[in-house]
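**Q** From the sequence below, what's the structure:
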Amino acid sequence: MEKQEIYIIVAVDEENGIGKNSQLPWNLKKDMKHFVEITTKTKNPKKINAVMMGRTTWESIPEKYRPLRGRKNIVLTSNNNYKAKGAGIANSLDKAFSLITPEIEKVFIIGGGKVFEETINHPKLTGIFITKVHGKFDCDTFFPKIPKKFSLVKKLGSDEENSTKVDYKLIHR
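**A** Presented below is the predicted three-dimensional model:
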């Protein structure tokens with residue numbers, strides 16, 4: 001793998017919740033738009049980005065949106081026979097990183113909880129795009145503690161939708 005930048009992109013509530021019953025616990029179109037912009041935008045128009053996710057996250061995406069357009073999709077699963085139409089399959093993080101080819105500019109880890117836990121301390125992780133969703137959403141899946149090495153916070157903006165406020169940030173070394 002070349003030296004692509006590797007980011008986690010995640011939305012969390014006030015208790016670091018990220019999901020409930022294998023789904024996003026909120027429906028925020030502006031946050032989805034932000035997610036699409038961040039994960040598709042490249043500096044070099046000849047390159048694309050990649051999104052890596054666990055099998056549960058892949059299956060939580062409505063079928064009509066799979067694979068996520070304009071990005072290379074990689075699904076992590078321990079099931080060696082798993083098929084994900086339009087996506088690469090890997091049974092480990094190292095195997096997933098081996099699927100990153102030179103036309104990939106950035107890699108985004110998009111979930112879920114187990115994949116975040118595995119990647120949060122990875123030495124190749126560049127930073128974390130985090131959307132803070134103000135409120136508590138009774139989640140059953142949570143984002144892990146952010147390591148101290150990620151201490152620089154760049155505010156990317158704020159928004160409000162359905163009376164729910166969100167803050168967009170980039171946390172990096």
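**Q** what helices or strands is the helix or strand of the chain with the lowest mean pLDDT leaning on?
**A** Least confident helix or strand of the chain, by mean pLDDT, DSSP states H and E, is helix 93-98 with a mean of 93. Packing partners of helix 93-98 (3 or more C-beta pairs under 8 Å, 6 or more residues apart in numbering; DSSP states H and E): strand 71-76, strand 87-90. For the C-beta atoms, the positions are set from N, CA and C on the backbone; glycine is no exception.
**Q** which one of the ones you listed lies closest to residue 160?
**A** Among these, the nearest to residue 160 by C-beta to C-beta is strand 71-76 (27.4 Å).
**Q** So what are the sheet partners of that closest one and their directions?
**A** Strand pairing for strand 71-76, using DSSP bridges, gives strand 48-54 (parallel), strand 87-90 (parallel).
**Q** ok, the most centrally placed residue in the chain - contacts?
**A** Nearest to the geometric centre of the chain sits residue 110, at 1.8 Å (C-alpha atoms, centre = their mean). Contacts for residue 110 (C-beta atoms under 8 Å, 6 or more residues apart in numbering) come out as 9-10, 35, 39, 51-53, 57.
**Q** returning to that earlier point: dump the strands paired with strand 71-76 into TSV; add mean neighbour count as well.
**A** Listed next are the strands paired with strand 71-76 as TSV, based on neighbours: other C-beta atoms under 10 Å:
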stretch	mean neighbour count
strand 48-54	23
strand 87-90	19
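**Q** Tabulate the ones you listed in JSON lines, adding columns for distance to residue 73 and mean pLDDT.
**A** Converted to JSON lines, those look like this (distance: least, C-beta to C-beta, whole Å; pLDDT from 0 to 100):
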{"stretch": "strand 48-54", "distance to residue 73": "6", "mean pLDDT": "98"}
{"stretch": "strand 87-90", "distance to residue 73": "4", "mean pLDDT": "97"}
